[in-house]
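# Next input, structure requested:
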Amino acid sequence: MNQDSFLSEKGKKAAENSARVDIEVYFEAMDNLYHPVDNPDGALPMNVAENQLCWKQLKEKIQEITKTKEIPDWVAGYGDPAGVEDFRKAIADFLGERIIKSPIDADSLAISGGATGVIEMTSFLLANPGDTAVIPAPSYPVYTADIGVVPDVKRFDLQTHHELDELKNGIPISIDQLDKAKLEIEDSGSHFKILILTSPDNPTGMIYSESQLREITDWCIQNQVHLIVNEIYGMSRIQIDQDELKHDYPNPISFYSFGKIMKEYQSPLLHYWYSFSKDFGISGFRIGVLHSLNENLINAYRNAGLSHSISNHTQWFLTEILEDKEFLDEFFANQSQALNQAYRTVRNSLNEVGIKFNPSYGSLFVWMDLSHLLPEQNQEGETKLWREIYDSTNILITPADGFGHSKRGLFRLVITSLNPDELDVAMERLKGFVKSKAD
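Now for the predicted structure:
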């Protein structure tokens, strides 16, 4: 019997399409993990955007809370689908003090199970099926499923550049490009409903300047397009003023949070995403955040978001963590040090073997150019090279398929998925592979 007959059309599509093209290889790698003694030739996965740099410190804090504090009775009952009030207040204080650098109101927040839940819910509530969300390329591959599976929103990859060198002064997005995208989308019978920016960006590590954000904001308001800025890596920034790195940034850009612009403009078309998965390194805890001054959107989120709500127990102990400012100071100081050390390790290794990459302002990634190693200048050649790297070195990097970029041969390295010793091993293997291709 054909089991497809028991599924809806969306169900059939979901059954046939994996969320990630590398998921099976990832599970294979996870079953063969590197160990310096027990499995020295094992796999080193660097394809999934997880931050394991300071989990031990956060784990100890969570254990301390659960051992020394009494669990309040309210965690066993239902709570506000948009997040219990104390948790939203703690998040508002955290974002306002550490990323946005301006106070925000807890009532402007709604939370869901992970960034995926927030992206899906926001898209569902802002756009109609068949509408289009524009995303500058290259960008997070799983946006496609997040906005498409349930909300049924189309993804449009805006080609702002082709070569890495074009990023040296920032992401070269222009109003002309947005105008052309709008015309193309409308000619296809769809509506340009949402523009999604990520700053720091996945995978390039770039950030948008204040002047860019303001120019894009003005265009979106004028054209009645919802602008969403994802600052999920807001605390994961590279210290570009280090002596070793300064010359990589001839025209440095300063991080400026979109939250400040939202507060100034007070527009119902401006929105902000955050999640605890990257800066805190707890992707498995599933906490995503929407910040919007559109009261109707927050109300709709509350009324429709029960299926995406987060465990009250999780909200309780994370409130305890967020309210411990001394712990957060120490945690993020250690996190920054570890992130920057990992970045320098990767940067220096790539420079050593002449691999081009984009100097990162933040995020958990390095976006590198291996196009000179492609057996064929097409998608098939890109996939062959990705698989050859894994088969030869047991290093699993993120395949370029799904990032929506015009240039072939660009790959993402997650620099925070390994400890420092493992990262050294991975870089030695990668350097050996590149040198072998040059022989």
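
# only C-alpha atoms for contact and neighbour calcs from this point on.
OK.

# close enough to count as contact, Ile415 and Tyr343?
Yes: counting by CA atoms under 8 Å, Ile415 touches Tyr343, with 6.6 Å between them.

# Who has more neighbours out of these two?
Ile415 (29 against 23; other CA atoms under 10 Å).

# can you tell me how far that one sits from Pro45?
Ile415 sits 10 Å away from Pro45, going by CA to CA, to the nearest Å.

# Thr217 too?
Distance from Thr217 to Pro45, by CA to CA: 38 Å.

# what does Ser174 give?
The value you get for Ser174 to Pro45, if CA to CA is used, is 36 Å.

# between these two, which one's more packed in?
Neighbour count, other CA under 10 Å: between Ser174 and Pro45, Pro45 has more, with 26 against 12.

# Direction included, what does the helix or strand that that one is a member of pair up with?
Taking DSSP states H and E as the criterion, Pro45 maps to strand 44-46. Partner strands and pairing direction for strand 44-46 (DSSP bridges) are strand 395-397 (parallel).

# Quick one: residues contacting Gln222.
Shown in contact with Gln222 (CA atoms under 8 Å, 6 or more residues apart in numbering): no residues.

# Need the overlap of contacts for Ile415 and Tyr343.
Each of Val366 lies in contact with both Ile415 and Tyr343 under the rule CA under 8 Å, 6+ apart.

# hmm, who's touching stretch 125-136?
Residues contacting stretch 125-136 (CA under 8 Å, 6+ apart): 151-160, 173, 185, 190-197, 226, 297, 300-301.

# How far does that stretch stretch from one end to the other?
22 Å.

# swap in stretch 357-368?
Stretch 357-368 end-to-end distance (CA to CA) = 4 Å.

# just stretch 94-104 next, same as before
10 Å.

# from the middle of its chain, how far away would that stretch be?
19 Å (CA atoms, centre = their mean, to the nearest Å).

# Next, the buried residues of that stretch.
Residues of stretch 94-104 classed as buried: Phe94, Leu95, Gly96, Ile99, Ile100, Ile104 (neighbour count, 16 or more other CA atoms under 10 Å).

# In strands only, show me those residues.
Assignment to strands by DSSP state E places none of those there.

# Tyr256: which of those residues is nearest?
For those, the minimum distance to Tyr256 (CA to CA) is 7.8 Å, reached by Ile100.

# measure Ile104 to Gly259 for me?
Distance from Ile104 to Gly259, by CA to CA: 8 Å.

# Mind checking which residue lies nearest the centre of this protein?
Asn202 (5.3 Å; CA atoms, centre = their mean).

# Contacts only, for it.
Applying CA under 8 Å, 6+ apart, the residues contacting Asn202 are Pro138, Ser139, Tyr140, Ser363, Phe365.

# Just the buried ones among those residues, please.
Pro138, Ser139, Tyr140, Ser363, Phe365.

# what about the first one, distance to Ser8?
Pro138 sits 32 Å away from Ser8, going by CA to CA.

# longest single helix anywhere in the protein?
helix 325-352 (DSSP state H).

# Now do the buried residues in that helix.
In helix 325-352, counting by 16+ other CA under 10 Å, buried: 328, 331-332, 335-336, 338-340, 342-347, 349-350.

# before we move on, what about stretch 254-263?
Applying 16+ other CA under 10 Å to stretch 254-263 flags Phe255, Tyr256, Ser257, Phe258, Gly259, Lys260, Ile261, Met262 as buried.

# ok, the second one touching Glu210?
Yes: between Tyr256 and Glu210 there is a contact at 5.6 Å, judged by CA under 8 Å.

# Between which two of the buried residues of stretch 94-104 is the distance greatest?
The largest separation in those, counting by CA to CA, is between Ile99 and Ile104 at 11.1 Å.

# Neighbours of Lys281, how many?
One correction, residue 281 is Gly, not Lys. 21.

# ok, it - contacts?
Applying CA under 8 Å, 6+ apart, the residues near Gly281 are Glu50, Asn51, Gln52, Leu53, Cys54, Trp55.

# Would you list the buried entries among those residues?
Glu50, Asn51, Gln52, Leu53, Cys54.

# Which parts of the stretch 101-250 of the chain are helices?
114-126, 143-148, 175-187, 210-222 (DSSP state H, counting those that start in this stretch).

# What residues sit buried inside the first one?
It stands for helix 114-126. For helix 114-126, by 16+ other CA under 10 Å, it's Gly114, Ala115, Thr116, Gly117, Val118, Ile119, Glu120, Met121, Thr122, Ser123, Phe124.

# for those residues, which one is nearest Gly305?
For the buried residues of helix 114-126, the nearest to Gly305 is Met121 (7.3 Å; CA to CA).

# where's that closest one relative to Asn419, distance?
From Met121 to Asn419 the distance is 34 Å (CA to CA).

# burial measure for the nearest residue to Phe258 once chain neighbours are set aside, as a count.
Using CA to CA, 6 or more residues apart in numbering and skipping the chain neighbours, the partner closest in space to Phe258 is Val229 (6.7 Å). Using other CA under 10 Å, Val229 has 21 neighbouring residues.

# Offset the numbering so it begins at 451, please.
Happy to do that; since the first residue is 451 now, the last one works out to Val679.

# so Val679 bridges to which residues?
Bridge pairing for Val679 - DSSP bridges - gives Leu647, Tyr722.

# and it, what is it in contact with?
Contacts of Val679 (CA under 8 Å, 6+ apart): Ile646, Leu647, Thr648, Ser649, Phe708, His721, Tyr722, Trp723.

# gap between the last one and Thr648?
Between Trp723 and Thr648 the distance is 9 Å, computed by CA to CA.

# overlap in contacts of those two?
In contact with both Trp723 and Thr648: Val679, Asn680, Glu681, Ile682, using CA under 8 Å, 6+ apart.
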